[in-house]
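*Asks:* build me a structure from this.
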Amino acid sequence: MPTIMHQISDPKIAFAYLRPACVLLTKAPTVTDVETLSAQLKEIDDATLQQLQEYVLFPLRFVLKVPGTKKDKLVQAVAEAMSHVLETTCVQSWETLRDLLSELCLCLCTPTDPGKPAETSEELKSAVLRCLDALLHAAYGDIIFKLFEPIMLPGIGSAISLLLALGEKERSRDVQLAALKCLQALTLQCDCTQEHVVPSSQERGALGSTMASFLPGITMAVSRIITGDLRHGHAVTVRAIKVWYRTVGLVMEDAQLQAGEPCRTAPPDLGRLSQLMVHRSQDWVKSTAGRLSSLLKKIISCSSAHQHWRVRLEMVELGEHLLARCSRSLGVCEVVLREVSQRNQSRSSDMNSSSAQTFTDILSENLHSLATSLPRLMRTSDDQKKLFVLNVFLGYLKVLGSQVSVVLELDVMDVRIVEERSYAATIETSSDSYNSYAARIQRRHFLYFTDEKIFSLLMEICRTLGYYGNIYLLTDHFLDLYQQSSAYRKQAAMVLNEIVRGAAGISVQQKLRVWRVKYGESLSPRTTLYCSAPPASSPYPTSSSPSTSALHQLNSNIWQLCIQLEGIACFAQALGRDFRPLLMTSLYPVLEKAGEETLLVSQAALGSMWDISKACGYPSLKELITENCDYLLNDISLNLQRLSQHPQAPRVLTVMLTHSDCSLLPLVGDIVQDVLMALDLSYQHTAALFCSVLHALLKALARWFPSNSSRTSNSVRPKQNPPHEELFNIRQFMLDHQKEKELAEGIGIEDDLEDLNENPPPLECEDVDDIGGPDVKAELPLHLSVTKDIMERCIHLLSDPSLRLRLKVLDVLELCVCVLSEKENELLPMAHRCWPPLLQRLTADDPLAVLRAFRVLCTLGETCGDFLRRRVSKEVLPKLSSSLLRQAPTSAKAGPVYTHTLNYKLQLAVLQGLGSLCQRLSLELDAVCEACLPYLSCRQPIRLQEAAISVFQHLIQVDPDAFWFTLNELHCPSSYTPPHPDLHPIQLSGMGRARDEFSDNALRLLREEFGSAAETEEQPVS
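*Replies:* Residues are numbered from 1 along each chain as shown. Alright, predicted model coming up:
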């Protein structure tokens, strides 16, 4: 770590130390000399440097005054050295301040045009601006105010023009910020952490009079920076806004204008410079305020809806600063400034609204005027302007508070705003959906805007109206609009939802219940809107190519249901636990919609169920359904008896089973029998619908009663035994062989007979009470009994002509096998009965059905075991093997598109399940090996290769020796030397064979399954 050097504090020593560098700099200035001096200056303490300030600055200023072109690096080094001096010392001489200001400005401008920045590097500009800022901060005492005397107007004007040009036209963000900061320091408005000169009221008046001459140029140039390119970043915009309103506040300050112009005696030889002076008369103030109003409106329109919060916050500071200092002089701007304050109200509730009657009247009139023009603004403005207008509108509502009801009773307010913003919310399509266990996120597309922030603002306005407004007036108007206008029905429902949500906690239960009943009628089973398949009486066309209007109407109905489902959730949130009595009439239709095939409707219904359960105090959907299942099951039972009138009843049962636990099973037992009976009576028309219910029931049973039987597919594949275990097994084999040989020769048989007489084996049936008793079969548990009944129906439906129904039945059958696997005595007879139709699905059906049927076969193999060995070996395995062999050449030559075909999926499914099936059922391995060998080719798709490798991994567990030989015949990576010369060398077909398409996968299997035997070259056989 370097040692810290002590700074020089003796002026004489410091002078002697700095003198050589200063003299050298005046003779032949170079960048190295300047950097040397700069490094030496850092070794001088501040007090000593203050005494040597003029001496040190002289050579640096001399470099800047040398005529001719100077390199940017040299000027930059000089500026950095001067910055260090000025930041640590004070400028006590007016001449030094004036000359340095002029010299630094000359470094930034072109020689021919002092107001135009020079084409120099960004580093040079940043260094000079930093030096200029340090100079303005280093001015000591009253000398800074001499800059604002009339004689200095041209110099100050040139500096201001130069800084404005840099802030407006410079591409570098750092240079822009530095230029604007210098402009603040030049007008004594700097807000940094350093100490600043605080002007008196007289000095502030003189400063304001001088800056009045430059107010038009400053305000217009800074306005262009604020409203210009957004790519310069929010920091530049914030700094520019601060420069704008602080300069305006300095010149147009009410206190200065009331005190009158300060007495300033102009020198007699001032000449034409007197024309630059401005007298702030009443006429001048009035005309200037009008021009500033136009600029202010332009700034507010561009910045009040800015994306960055710091810009919006600075706009609020602008409004507060100007209202506090210039409320009289900027009277024409007061309305605009008030709008900025109201916008702040829409983002923060901390500001208290004014209680003055005059202010309330002004806000009411402004709100009424804005409401009248809102339809036109929503149609014609861009999204940024709409955001600003809606923020102002929301600010008015929050400031007015409960007095907003007075404005709502006007003729225009409650009709024009609502209808137009409802029309603006015309919904077209949906692209996103939400997780079923999270908040709803349904993206909606609107006619007159695309920004989600506008939609959020509109909804917040509705909630604010519901909280502060006359809830009876609003609900009556929107209910009429909902019932009378089909064009505004969805929009009116959406607005009512938010109004009700905003009215949560207010005693309006009666009106809310009336509105809920109106919505509940359209959600009840008797007036269901069919979203997926229109009924015979539906007004929608049922042709194969429906018209665009019919599709639009269908889409409109779907969104109508979603909004109404959200409305029921809003009721629940508004009423809380008081909503529980209303569950008797509202929960059934919500569950019915949760079972819809239309994804958007089912998700909206599921989200509504979560909101209802939370509002009513239920921890989850399970408790919501369990606590209310009595009347739900009663409605389901009654509706199943009139299925033609209530075709959606099974869906309610499906949703209940999906979101409940095993405590529901005893309650739904009778309902399940009703479903099975209805299926038996009308399976041709309702089989598909009832199969969905049965599938949901079996999924629930599999979840409630998980099987304890171990499955081969889920078990970890055993690894090869370690060497010491192999030796132990061989030893035990030899001992058993010796014992059997002795027994065969009659040795030791007498000892076994004696042991048998001393310890006779126990009888198979030792329970004396059971002898001669009736053979009564134990009653099955309810879930097994239900599963068995369902499996009976599946056996009959497996041969249905409808492919879609067969696929559903196969899914149900697979779940039945899983549930019945814990009771083998019941599973095996049912497996025997379902085998003939299942075999037809496996061998003579659509490939999609074969795929599902094979999955069922794998499940049967895992649970039934040896019971299916002979059937699978003789009836299934030959067809699967031939199918694999037949498809192997096709998949090897196919391109990447082949992976999306049904044949590929069938190949993949068979290969993925065939290995575990062979291992579980001990099937014939030769045919399987022959069928799977082509899939070890590197030309096959990757997933088919991986699936074939998994087949061989299972087969190796059954017969490792045979498959070691098979793989080595395919590709032998090692040559085996006999341990004795009398033994013949081992010759395998794979030895010496060149690498081919099967080599990589064969070598991988040998390495992974047989370890070092495949890795060692020239390994002798032991």
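*Asks:* first-to-last residue distance for stretch 445-458?
*Replies:* 14 Å (CA to CA, to the nearest Å).
*Asks:* that one - what's its average pLDDT?
*Replies:* Averaged across stretch 445-458, pLDDT comes to 80.
*Asks:* next, the buried residues of it.
*Replies:* Neighbour-count burial for stretch 445-458 flags 446, 448, 449, 453, 454, 455, 457, 458 (criterion: 16 or more other CB atoms under 10 Å). The way it works is simple: take the backbone N, C-alpha and C, and place the C-beta from them, glycine included.
*Asks:* okay, the strand or helix carrying residue 674 in CSV with CA atoms only?
*Replies:* Taking DSSP states H and E as the definition, residue 674 sits inside helix 665-681. The C-alpha trace of helix 665-681 is given here as CSV (Å, rounded to 0.1, in the frame of the first residue of the first chain):
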residue,chain,number,x,y,z
LEU,A,665,-66.6,-39.4,-2.0
PRO,A,666,-69.3,-40.8,0.4
LEU,A,667,-71.5,-37.8,-0.5
VAL,A,668,-71.1,-38.3,-4.3
GLY,A,669,-71.6,-42.1,-4.3
ASP,A,670,-75.3,-41.8,-5.2
ILE,A,671,-74.5,-39.2,-7.8
VAL,A,672,-72.0,-41.4,-9.4
GLN,A,673,-74.5,-44.2,-9.7
ASP,A,674,-76.9,-41.7,-11.3
VAL,A,675,-74.2,-40.8,-13.8
LEU,A,676,-73.6,-44.5,-14.6
MET,A,677,-77.3,-45.1,-15.0
ALA,A,678,-77.7,-42.1,-17.3
LEU,A,679,-74.7,-43.3,-19.3
ASP,A,680,-76.3,-46.8,-19.7
LEU,A,681,-79.6,-45.3,-20.8
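*Asks:* please identify the buried residues of the helix or strand just after it?
*Replies:* Reading on from helix 665-681 to the C-terminus, the next helix or strand found by DSSP H and E is helix 683-704. By 16+ other CB under 10 Å, the buried positions in helix 683-704 come out as 683, 686-687, 689-702, 704.
*Asks:* give me the neighbour count for the residue nearest to residue 841 when sequence neighbours are not counted.
*Replies:* Excluding its sequence neighbours, the residue lying closest to residue 841 (CB to CB, 6 or more residues apart in numbering) is residue 853, at 3.8 Å. Neighbour count for residue 853, taken as other CB atoms under 10 Å: 25.
*Asks:* contacts only, for residue 853.
*Replies:* Counting by CB atoms under 8 Å, 6 or more residues apart in numbering, residue 853 touches 810, 838, 841, 842, 845.
*Asks:* is it fair to say the second one lies in a strand?
*Replies:* Read that as residue 838. No: secondary structure of residue 838 (DSSP: H, G, I helix; E, B strand; the rest coil): helix, not part of a strand.
*Asks:* name the element the residue lying closest to it once chain neighbours are set aside belongs to?
*Replies:* Spatial nearest neighbour of residue 838, excluding adjacent residues (CB to CB, 6+ apart): residue 853 at 6.0 Å. Counting by DSSP H and E, the element that carries residue 853 is helix 847-864.
*Asks:* that helix: what's the following helix or strand?
*Replies:* Counting by DSSP H and E, what follows helix 847-864 is helix 869-871.
*Asks:* gap between the residue nearest to residue 838 and residue 259?
*Replies:* According to CB to CB, to the nearest Å, residue 853 stands 98 Å off from residue 259.
*Asks:* now swap in residue 565 and tell me
*Replies:* On the measure of CB to CB, residue 565 and residue 259 end up 67 Å apart.
*Asks:* ok, those two, which is more surrounded?
*Replies:* Just comparing residue 565 and residue 259: by other CB under 10 Å the higher neighbour count belongs to residue 565, 28 against 13.
*Asks:* isn't the more buried one right up against residue 606?
*Replies:* No: when contacts are counted by CB atoms under 8 Å, residue 565 is not listed as touching residue 606 (9.2 Å).
*Asks:* which among the contacts of residue 853 count as buried?
*Replies:* For those, buried by 16+ other CB under 10 Å: 810, 838, 841, 842, 845.
*Asks:* so the third one makes contact with residue 800?
*Replies:* No: using CB under 8 Å, residue 841 is not in contact with residue 800; the gap is 10.9 Å.
*Asks:* anything in contact with each of those two?
*Replies:* In contact with both residue 841 and residue 800: residue 806, using CB under 8 Å, 6+ apart.
*Asks:* which stretches of the stretch 651-800 of the chain form helices?
*Replies:* 665-681, 683-704, 723-744, 749-758, 782-797 (DSSP state H, counting those that start in this stretch).
*Asks:* got those helices as TSV, with distance to residue 866 and mean pLDDT columns?
*Replies:* Formatted as TSV, the helices of the stretch 651-800 of the chain follow (distance: least, CB to CB, whole Å; pLDDT from 0 to 100):
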stretch	distance to residue 866	mean pLDDT
helix 665-681	32	81
helix 683-704	24	81
helix 723-744	24	64
helix 749-758	31	53
helix 782-797	21	84
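*Asks:* domain assignment for the chain?
*Replies:* 203-257+288-343, 365-419+441-509 (the TED database).
*Asks:* ok now the longest one, how far from the chain's centre?
*Replies:* Between the mean C-alpha location of domain 365-419+441-509 and the chain-wide mean there is a distance of 28 Å, by CA atoms, centre = their mean, to the nearest Å.
*Asks:* likewise for stretch 929-945?
*Replies:* Distance, centroid of stretch 929-945 to centroid of chain: 41 Å (CA atoms, centre = their mean).
*Asks:* look at it and report the distance between its end residues.
*Replies:* Note: stretch 929-945 ends 14 Å apart using CA to CA.
*Asks:* and it, average pLDDT?
*Replies:* Mean predicted confidence for stretch 929-945 is 88.
*Asks:* what do you get for stretch 465-479?
*Replies:* On average, stretch 465-479 scores 81.
*Asks:* how far does that stretch stretch from start to finish?
*Replies:* Note: stretch 465-479 ends 16 Å apart using CA to CA.
*Asks:* what number of residues lie near the closest residue to residue 216 other than its chain neighbours?
*Replies:* Excluding the flanking residues, the one nearest residue 216 by CB to CB, 6+ apart is residue 291, at 7.3 Å. Residues within reach of residue 291, counting by other CB under 10 Å, total 13.
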